[in-house]
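Peer 1: below: sequence and its predicted model.
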Amino acid sequence: MTISDRGIINNHIDENYTLYFPKKSNSSGISWISKEQYLRNDITCKYIDCKKCKPYDTTGLISFNYTSSNKDKLIIIPDIKTIVEYLEIFEINTITETPICNVIILESVYRYVQYNSGQKFFERLKSLLKNSKNTSRGICFFSNELFSQTFQDRVTSDSFQMHQYRTIVKSCQWFRDHLQDDVSNIKVQLVTQDVDLQSFVSGVDKSISSITLLDYLQSRHSKNKELLNLYDSITQLLIEQKQQQQQQKDGSNTSEQFYERYLNDDILSSELKSGSLFQGKIHVNQHNRDEAFIKIQNQTVTNSDKILIIGKKNINRSVHGDSVAVQLLPESEWLPSLNVDDIDDSNLNDNDGEMKVSKLGLVPTGRVVGIVSRNWRDYVGTMEKDTNMNSSFVFIIPFDYRIPAIRVPTRNPQMFQGKRVIIRLDSWDLHSNYPTGHYVSDVGESGSLETELQSLLIEHDISLSKWSQQILESLPKSTVDEPWPIPKEEFDYRRVLKDHHTMSIDPLGSKDIDDAISVGYLDGDNLIEIGVHIADVSFFVKEGSALDIEAARRGTTIYLPDRRFDMLPAVLSEDVCSLRGGFPRCAMSTIWKIKKNSNGGYEIVDTWFGRTIIYSCAEMHYQLAQDIIDGVIVQGKDKDSDVTGGGQNAGYKNRLFQGIQISQLKKDLLTLVEVFRYLKKQRESVGALDLESIEVRFQFDKQTNQPEKIVLKKDLEIHQVVAEFMILANASVATKIHSHFPSCALLRRHPKPNPIQLESLRYLFDLCGFQYNYDSNKELAKSLHNATDKQDHYKNIILKLKAVNVISEAIYFSTGQVNVSEFYHYGLAIDKYTHFTSPIRRYADIIVHRQLWMSLGHKKVVNYDDYKMNELSNHLNHRHRASKTVQRDATELFQSMYFQWKPKDNVEAIVTDLRSNSLVVYVPEYGLRQRVYLLKNQEVNSQPMFSDDNQPVRIEINESNVVFHLKDQTKITIYIFDHVLVRIYTEQNQYHMAPIKLELTKVLTKSQHHNSAQQNRLLTDNKKNLINETKELSKLMSIDQSLSSFKSNLIADVVIDLTADEKQLLQNNSNSVYNLIKKFSVLDIKETGSKINYSHGKSKSIVNSNLSPVKNSNQDASPTILKLWSMTEKETKEYKTRSDRYLRDSITKKYIDQSNIVESDFEKISPSLSVKDKYSNVISKAENDFRKSTQMKNVKKYH
């Protein structure tokens, strides 16, 4: 019976059987999972050259590429115990040149792992099989449970173990018989650690060859020390685990139980659902492993977005990155935020786990009561110094400060000496202070650059294997003599752009050029056609190919200071796909027709998408393009030295093609600049943020390869020009693909930041006297734009850097996962956004190219759905984050190497933050943000800025300043935003990269600067507002005796409790309320009946910003009347509230605090106590007298 076209049954299916798979059960030990399944007779043996099977799919089959003779042709079949205990042996591929290959994983083994070994372990087995398809290792899955000739029906009387033995033996017999008849003379061997299985095999069929894994490794991989060491490490761990289990069973373990047991899974699940427990990812302080926190969404109970976990017992064997369940401690044990660490997972050098000084109330604390999921990974570490070489275990100190020391059983401690090694965690016993793990492999000699960089990659879960032979064979051929030609059929459907000037602008030395811009003029200069052309990588990387799978796994190109790791092979990234000048190239393009309006603005009147063939006539770098715009480079000035900054191949001599002239390029570039300025202005008008970033580059010594110089990236306008058109292209494509794939388009969104994080910046704006509003991105952008100090431009830079740290990062997402209102990109102020412009270095862009092509009505390349797109976007977010952090850490490594080679003295730095034991400074010259430690183990850390006989005896760290109390009883205060000089050097550390250390050598600014800034902020932002506010206050004091009484009371209220120093401080500020009122006290205003007579006063003048008389150019020498104010009836109604507000805002507790004067020394004017209450008698009399007045004199307006 054959109904193959309907897929129901065909001639390869024999009959229906019930399959049974074992699953461990807590109650009965073993339970059976049954599944109805048709048996097949067409399953192949997985040998690529088998004459009997003739496999229809040869991908990833056994091919013996690693062997050279018939005697080496061996296929191994591991049993369940071998895979469960030693899977890592089979996983190793990238480090060794002779991996284990030609392996058959039986379905019986596969299903056992699936149902009994946990999801993460099962995923590892699946990855092993999946990744093998892209290599020549030949690790294959064989469906013995579905194959009619290997299916073993379950005998009712058989135990689970016996059924498994029969199943495995039957499969081994079939492979032996099937391949023995073949002329290839292939041998099949069962690899097992189970002694009982070996005995069963001997009793059933002695012709089946069985061997232990150790015997196999010693016979086939005797020279591979890595595999043998890994086997030994795992074996030692298994022995120790069995001993611990036996001790617990016998009750012979007498050591103290240090930690509490976790709640069982059922209780944990119900408590989490009820809200009694909080779930989150645990973040450990990298400066103190006894402090950690989790972020939470529900803030109704805690009034905080974090729960702190303090102490080893409360952290309870959880490791940084684990998903944990936390129980709140009583409120009596909550901590004031002044004493807690503000730890943030962003790891952007600012929120890195050190204590921040703030006053935000109590922060809840908790303890870990369960593990939702472990996030253990491979850890790089170094053996603890002074280890006993005769010990049965060693302690490995991880490269990551947040991970505790790991106890590793071993028979050979010498193998760890002087090396960085990879360790994998296995367990953490209740009775042990440390987790237990096992050795996986060596990274290299500790301290070498290659080892340190490889360690960073491993720490960030970045695996970069060599390109497989299958991938290399699929690549297009291109050489210098015979460059790859575009196939003729591509010209039939692609738009060929020869009438526009197309140019690329990239960093100097770039080879992977994935974008170019074209300019064309359709109607003089009134209608312009601007195109963004992106390398058509999706044309070369076919969906589902080995290259596509590997590119997706890598996710992105990784750029390190001295090298890069490409997402695609070099023949694609640097040649065939790269939009090099002088070569025709395939591109995916977005082209806009832009009309110039009569008012000078621009309007996009048409957008075109499609595949093109472009001819780049200029391959420029940023500085060259900027110099052409600025007129530095003109026709004839083609030398490298003619370009600003110079550099190898910097000149345009070998960069222009097709006869293009500099004058033509300049016109095109100026056109782009003009359009860019309009587009940027439009985006900024709706809330686009202009943030700051630090990009550090290095110049290397050609002989030693040591970093010789640190260079900060110059921010040129041309950088923004290119970026703006890339943003426009990304936004245009996002709108297009979402219209075609409403539920599964791959877009990129930037969520609105957490208000608590944004609010944390307020104190910095307040310190500088800047207004701060973050109600929307537009308001935040306005606040950042206006936060400028002409005397210190670094304030704006630091505030923008701080804003970057608190703003959440942008993420990829599938449009079916979130509401359309959440598509918004907060930083760019764009409704829909994606990544389209860098497919050579980002896999997300390749997916977007495919979706764009299909949205244009072309045939489907792949069927997308929301689930798959969501999985992919999560993976790409993870890879993007890993790439970002490893680049940052690599930059720190090279900075450390530089200062290790060239320590610096007296380098200018700016204080940006205060922590519980240190202050954080930004060093502009080197793009360095680092801590200056003031306290060490609660003891004062000496600083070079103080003499040996006058070091600080006490350090007081406040919210906005640090006070050093010296031996001679004097004080030195350093404020945030103060400029200081620091010494920069490194400290040797055998476990981690050499940390950069900073010490204070001198304070460049004085604290008075901050007092003045705070007063100016709290009193007024400009002198004109001071005068206007003072006028309103003066209305209240306008009546004869009332004026005198009010004036005296107000002065007394302000200064009654001031010390002499504090009075002097206020008097020194000419714009303070104190001085304004004092100036009113000298005005000679006399009473005439019930009216005010202004005939007695100063000479005619206009009061300037500090209320000192300024002579009018037309004034004569004779005394004239000084006219002060007039009040209309409307003004009379308003003066009460305005004067009330003025007094509250001018003399408040905040003013007292931030003027660094002790609060208790002042009379507090509470916001709840109005002016009317405080001066009710004076105001009442003033109002009555005013009503009696029939005439008021007018005066000139004040400036």
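Peer 2: That came through fine.
Peer 1: lowest-pLDDT helix or strand in this protein?
Peer 2: strand 1101-1103 (a mean of 33; mean pLDDT, DSSP states H and E).
Peer 1: any idea of the pLDDT on residue 945?
Peer 2: Reading off the confidence values, residue 945 has pLDDT 92.
Peer 1: now swap in residue 926 and tell me
Peer 2: Confidence score, pLDDT, at residue 926: 94.
Peer 1: so it makes contact with residue 892?
Peer 2: No. Taking C-beta atoms under 8 Å as the definition, residue 926 is not a contact partner of residue 892, at 11.4 Å. Backbone N, C-alpha and C define where each C-beta goes, glycine included.
Peer 1: more crowded one of these two?
Peer 2: Per other C-beta atoms under 10 Å, whichever of residue 926 and residue 892 has more neighbours is residue 926, with 22 against 19.
Peer 1: residues contacting that one?
Peer 2: Residue 926 makes contact with 696, 710, 712, 895, 907, 984 under the criterion C-beta atoms under 8 Å, 6 or more residues apart in numbering.
Peer 1: quick one, strands of the stretch 751-900 of the chain?
Peer 2: Assigned by DSSP state E, counting those that start in this stretch, the stretch 751-900 of the chain shows strands spanning 811-814.
Peer 1: ok, the nearest residue to residue 931 once chain neighbours are set aside to residue 952 distance?
Peer 2: Using C-beta to C-beta, 6 or more residues apart in numbering and skipping residues adjacent in sequence, the residue nearest residue 931 is residue 918, 4.3 Å away. According to C-beta to C-beta, to the nearest Å, residue 918 and residue 952 sit 14 Å apart.
Peer 1: same question for residue 812.
Peer 2: For residue 812 relative to residue 952 (C-beta to C-beta), the value is 50 Å.
Peer 1: what of residue 83?
Peer 2: 62 Å.
Peer 1: so which of the two has more stuff around it?
Peer 2: Shown here are residue 83 and residue 952; by other C-beta under 10 Å, residue 83 has more neighbours (24 against 21).
Peer 1: my guess is that one contacts residue 105. True?
Peer 2: Yes. Counting by C-beta under 8 Å, residue 83 touches residue 105, with 7.2 Å between them.
Peer 1: quick check: domain ranges of the chain?
Peer 2: 12-223, 238-254+377-459, 265-373, 469-688, 717-890, 903-1006, 1010-1188 (automatic domain parsing).
Peer 1: for the residue nearest to residue 931, phi and psi?
Peer 2: Phi and psi for residue 918, reported as degrees, to the nearest 10, are phi -160, psi 170.
Peer 1: neighbours of it, just the number please.
Peer 2: Other residues close to residue 918 by other C-beta under 10 Å number 22.
Peer 1: what about it, distance to residue 1003?
Peer 2: 16 Å.
Peer 1: and residue 856, by the same measure?
Peer 2: Using C-beta to C-beta, residue 856 is found at 63 Å from residue 1003.
Peer 1: more neighbours: those two, which one.
Peer 2: Taking other C-beta under 10 Å, residue 856 and residue 1003 do not tie; residue 1003 has more neighbours (18 against 13).
Peer 1: pretty sure the more buried one sits against residue 932.
Peer 2: No. With contact defined as C-beta under 8 Å, residue 1003 and residue 932 do not form a contacting pair (11.8 Å).
Peer 1: my guess is residue 368 meets residue 323, correct?
Peer 2: No. In this structure, residue 368 is not within contact of residue 323 by C-beta under 8 Å, at 10.6 Å.
Peer 1: only C-alpha atoms, please: export stretch 532-543 in CSV.
Peer 2: C-alpha atoms of stretch 532-543 as CSV (Å, rounded to 0.1, in the frame of the first residue of the first chain):
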residue,chain,number,x,y,z
VAL,A,532,22.2,53.8,0.3
HIS,A,533,23.7,50.6,-1.2
ILE,A,534,24.4,47.6,1.0
ALA,A,535,26.5,44.5,0.1
ASP,A,536,24.1,41.8,-1.1
VAL,A,537,25.3,39.1,1.3
SER,A,538,22.1,37.2,1.1
PHE,A,539,22.8,36.5,-2.6
PHE,A,540,25.9,34.5,-1.5
VAL,A,541,24.8,33.1,1.8
LYS,A,542,21.9,30.7,1.0
GLU,A,543,19.3,29.9,3.6
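Peer 1: need the longest helix for the protein.
Peer 2: Ranked by residue count and defined by DSSP state H, the top helix of the chain is helix 866-901.
Peer 1: show me what counts as buried in it.
Peer 2: The neighbour-count check on helix 866-901 (16 or more other C-beta atoms under 10 Å) flags 866, 869-870, 872-873, 876-877, 879-900 as buried.
Peer 1: bridged to residue 592, which residues?
Peer 2: residue 530, residue 607 (DSSP bridges).
Peer 1: surely it is in contact with residue 606?
Peer 2: Yes. If you go by C-beta under 8 Å, residue 592 and residue 606 touch, sitting 6.9 Å apart.
Peer 1: settle it for me: which of those two has more neighbours?
Peer 2: Taking neighbours as other C-beta under 10 Å, residue 592 and residue 606 compare with residue 592 leading, 20 against 11.
Peer 1: how near is the more buried one to residue 538?
Peer 2: Remark: distance between residue 592 and residue 538 (C-beta to C-beta) = 22 Å.
Peer 1: do the same with residue 497
Peer 2: Residue 497 sits 19 Å away from residue 538, taking C-beta to C-beta as the criterion.
Peer 1: neighbour-wise, which of those two wins?
Peer 2: More neighbours surround residue 538 than the other of residue 497 and residue 538, with 24 against 21 (other C-beta under 10 Å).
Peer 1: can you give me the pLDDT of the more buried one?
Peer 2: 95.
Peer 1: again with residue 1062
Peer 2: As predicted, residue 1062 sits at a pLDDT of 47.
Peer 1: quick one: the closest residue to residue 146 other than its chain neighbours from residue 144, how far?
Peer 2: Distance criterion C-beta to C-beta, 6+ apart; nearest residue to residue 146, sequence neighbours excluded, is residue 40 at 5.6 Å. According to C-beta to C-beta, residue 40 stands 11 Å off from residue 144.
Peer 1: more crowded one of these two?
Peer 2: Neighbours were tallied for residue 40 and for residue 144 using other C-beta under 10 Å; the higher tally belongs to residue 144 (26 against 16).
Peer 1: that one contacts residue 106, correct?
Peer 2: Yes. Counting by C-beta under 8 Å, residue 144 sits close enough to residue 106 to count as a contact (4.9 Å).
Peer 1: which residues do the two both contact?
Peer 2: Shared contacts of residue 144 and residue 106, defined by C-beta under 8 Å, 6+ apart, are found at 167, 171.
Peer 1: tell me where the model's unsure across the stretch 951-1100 of the chain.
Peer 2: Scanning the stretch 951-1100 of the chain for pLDDT under 70 picks out the ranges 1005-1100.
Peer 1: doesn't residue 627 belong to a helix?
Peer 2: Yes. According to DSSP: H, G, I helix; E, B strand; the rest coil, residue 627 belongs to a helix.
Peer 1: can you give me the pLDDT of the closest residue to residue 695 other than its chain neighbours?
Peer 2: Nearest residue to residue 695, sequence neighbours excluded (C-beta to C-beta, 6+ apart): residue 713, at 3.8 Å. We have a pLDDT of 86 for residue 713.
Peer 1: since that was my last question, I'll sign off now.
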